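Participant: Turn this into a model:
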Amino acid sequence: MTPQRSRRAIEQELTAIRASAMGCGLVAFGDLKTQSVLAESRDAIWKGAQLERLFTEACQALSLLEHVAGQPDHLVALAPDEARIFVRHRHDIIMLAGADLTEMQALIPKVRDILHIGAT
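Facilitator: Presented below is the predicted three-dimensional model:
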């Protein structure tokens, strides 16, 4: 993420991503270093405590995976009624949660663009 982008601009990008996939209930941006959620776009069913738990889950899962597979740029986690995708770049992370795994996976390239993965 570039530092000059405002929280509002980031939230607008997250909202556009969420709106582009049926059943996507959450797109959130966070900082792994500070372990904090910085911006989000979410359905009303997502409460603050749930978002914090998801962020903790993402941090733990990526940390464990680092020990096994290096530093993956994304991780897919399946819950009983929802797919969760965590995309990271350096200390930034975007978390996605929704009902349709195929729809959610289609969002990964857009998320990578926001995080500038592959950019110089």
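Participant: Show the average pLDDT along the helix or strand where residue 94 lies.
Facilitator: Element membership for residue 94, per DSSP states H and E: strand 92-98. Strand 92-98 shows a mean pLDDT of 93 in the predicted model.
Participant: Quick one: list the elements packing against that strand.
Facilitator: strand 24-31, helix 48-69, strand 82-89, helix 101-105, helix 108-115 (3 or more CB pairs under 8 Å, 6 or more residues apart in numbering; DSSP states H and E). C-beta here means a position set from N, CA and C on the backbone, and glycine is covered the same way.
Participant: want to throw the ones you listed into a markdown table with mean pLDDT and distance to residue 40?
Facilitator: Below are the helices and strands packed on strand 92-98 laid out as a markdown table (pLDDT from 0 to 100; distance: least, CB to CB, whole Å):
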| stretch | mean pLDDT | distance to residue 40 |
| --- | --- | --- |
| strand 24-31 | 92 | 4 |
| helix 48-69 | 82 | 6 |
| strand 82-89 | 91 | 14 |
| helix 101-105 | 89 | 16 |
| helix 108-115 | 90 | 13 |
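Participant: Neighbouring strands - and their directions - for the strand holding residue 94?
Facilitator: Note on strand 92-98: by DSSP bridges, its sheet partners are strand 24-31 (antiparallel), strand 82-89 (antiparallel).
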